[in-house]
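> Make a model of this:
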Amino acid sequence: PPAGEGPPPPASAVIAAYLPNEADTVVETVEAFLRQDYPDLQVILAYNTPEPLPVEATLRAIAGRDKRFLPLRIEGSVSKAQNVNAALARATGTFVGIFDADHHPAQGAFHRARRWIEGGADVVQGHCVVRNHRDGRLQRLVASEFEAIYAVSHPGRARLHGFGIFGGSNGYWRRGMLERIRLRSFMLTEDIDSSLRVLRAGGRIVSDPGLISTELAPDRVGALWNQRLRWAQGWSQVALRHLWAAVRSRELTVRQRL
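This is a model prediction of the structure:
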């Protein structure tokens with residue numbers, strides 16, 4: 001990324017979570033974000049839960065000792081998109097990182113993302129790495145697949161065709177673009193839908209394989225199957241919604257349309 005100049009601007013990290021499923025990992029995730037070396041970083045946990053949970057008391061205690069952290073229960077939310085959109089109203093950063101509840105960004109990640117944003121990118125997608133790859137064959141398979149996606153496919157697409165894709169987590173947005181685009185809760189893959197809308201609006205999405213965040217791969221075949229089925233259905237939904245408009249878009253080059 002281009003070199004940043006001057007003091008780092010305020011940044012916000014929005015961690016989206018559905019707590020009944022992610023209560024066991026969310027405290028570790030919050031602590032990982034609070035260890036970031038970025039000087040002006042706000043950490044928002046935007047979560048929904050159908051019932052009160054014991055972990056919420058732990059989250060409030062963390063917020064009591066560290067004013068950078070804001071646990072935000074989104075009443076009435078049923079989706080990640082609604083959580084992120086609601087958190088945006090409380091975000092103070094000039095750029096916003098969006099993360100799933102199991103993500104731990106590497107040290108220096110926000111400094112690196114800041115340089116891309118200040119260099120003209122509207123969104124920068126980082127490199128997601130599986131950290132539980134030693135737990136079993138399934139996790140090793142997903143880890144290998146993620147390397148093909150985030151170290152080869154995403155940067156290769158950006159180099160060959162001139163556009164990147166926001167993958168839903170470890171993605172950093174210029175605040176104004178995120179406020180303009182937002183995430184749509186009725187889309188199965190709201191990340192891919194938002195990517196197409198950024199590109200159609202003339203925005204710039206870049207891919208940086210050096211911008212690393214680690215996550216957990218599914219540990220059961222059934223969970224992996226359900227995840228990938230949703231991805232496939234979501235990409236098909238995005239294609240049906242955006243294909244013809246993207247092909248006719250004057251904001252995209254001929255190569256990008258193809």
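> which residues in the chain form helices?
Using DSSP state H, the helices of the chain run over residues 19-34, 55-65, 80-88, 109-118, 137-147, 154-161, 175-181, 190-200, 221-248, 254-257.
> Tell me which of these approaches residue 72 most closely.
Each of the helices of the chain has some distance to residue 72 by CB to CB; the shortest is helix 80-88, at 5.8 Å. (Glycine included, C-beta is placed from N, CA and C.)
> Run the angle between that closest one and helix 190-200 for me.
Regarding helix 80-88 and helix 190-200, their directions subtend 60 degrees when assessed with axes from the mean of the first three to the mean of the last three CA atoms, to 10 degrees.
> Need the contact partners of helix 80-88.
Counting by CB atoms under 8 Å, 6 or more residues apart in numbering, helix 80-88 makes contact with 14, 16-18, 44, 46-48, 72, 74, 76-77, 96, 98, 100, 168, 178-179, 182-185, 187, 190, all of which sit outside it.
> can you check stretch 190-205 too?
Applying CB under 8 Å, 6+ apart, the external contacts of stretch 190-205 come out as 79-81, 120-125, 158, 163-168, 171, 177, 180-184, 187, 234-235, 237-238, 241-242, 245-246, 249, 251-252, 256.
> now stretch 229-246
With contacts defined as CB under 8 Å, 6+ apart, stretch 229-246 is touched by 187-189, 192-193, 196-197, 199-200, 252, 257.
> Need the buried ones from the residues you listed selected in PyMOL.
Entered in PyMOL, the line below selects the buried ones among the contacts of stretch 229-246, by 16 or more other CB atoms under 10 Å:
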select buried, resi 187+188+189+192+193+196+197+199+200+252
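> would you turn the contacts of stretch 229-246 into a markdown table with distance to residue 63 and pLDDT?
Below are the contacts of stretch 229-246 laid out as a markdown table (distance: CB to CB, whole Å; pLDDT from 0 to 100):
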| residue | distance to residue 63 | pLDDT |
| --- | --- | --- |
| 187 | 31 | 95 |
| 188 | 32 | 94 |
| 189 | 31 | 96 |
| 192 | 33 | 96 |
| 193 | 32 | 97 |
| 196 | 36 | 94 |
| 197 | 33 | 95 |
| 199 | 37 | 93 |
| 200 | 38 | 91 |
| 252 | 43 | 88 |
| 257 | 47 | 87 |
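> Run through the chain and note the low-pLDDT ranges.
Within the chain, the set of residues satisfying pLDDT under 70 comprises 2-4.
> redo that, cut-off 80
For the chain, the stretches with pLDDT under 80 are 1-6.
> who's in contact with the nearest residue to residue 140 once chain neighbours are set aside?
Closest residue to residue 140 apart from its sequence neighbours, by CB to CB, 6 or more residues apart in numbering: residue 133 at 5.2 Å. Neighbouring residues of residue 133 by CB under 8 Å, 6+ apart: 139-140, 142-143, 217.
> Which members of those residues are the farthest-apart pair?
Checked with CB to CB, the contacts of residue 133 reach their widest spread between 140 and 217, with 8.6 Å between them.
> So for these two, which sits in the more crowded spot?
Legend: neighbour count by other CB atoms under 10 Å for residue 140 and residue 217, higher for residue 217 (22 against 15).
> contacting residues around the more buried one?
For residue 217, the contacting residues are 130, 132-133, 138-139, 142-143, 146, 224, taking CB under 8 Å, 6+ apart as the criterion.
> Which strands border the lengthiest strand in the chain, and is each parallel or antiparallel?
Looking across the chain with DSSP state E, the single longest strand is strand 205-215. Applying DSSP bridges, strand 205-215 is found paired with strand 104-105 (antiparallel), strand 123-130 (parallel).
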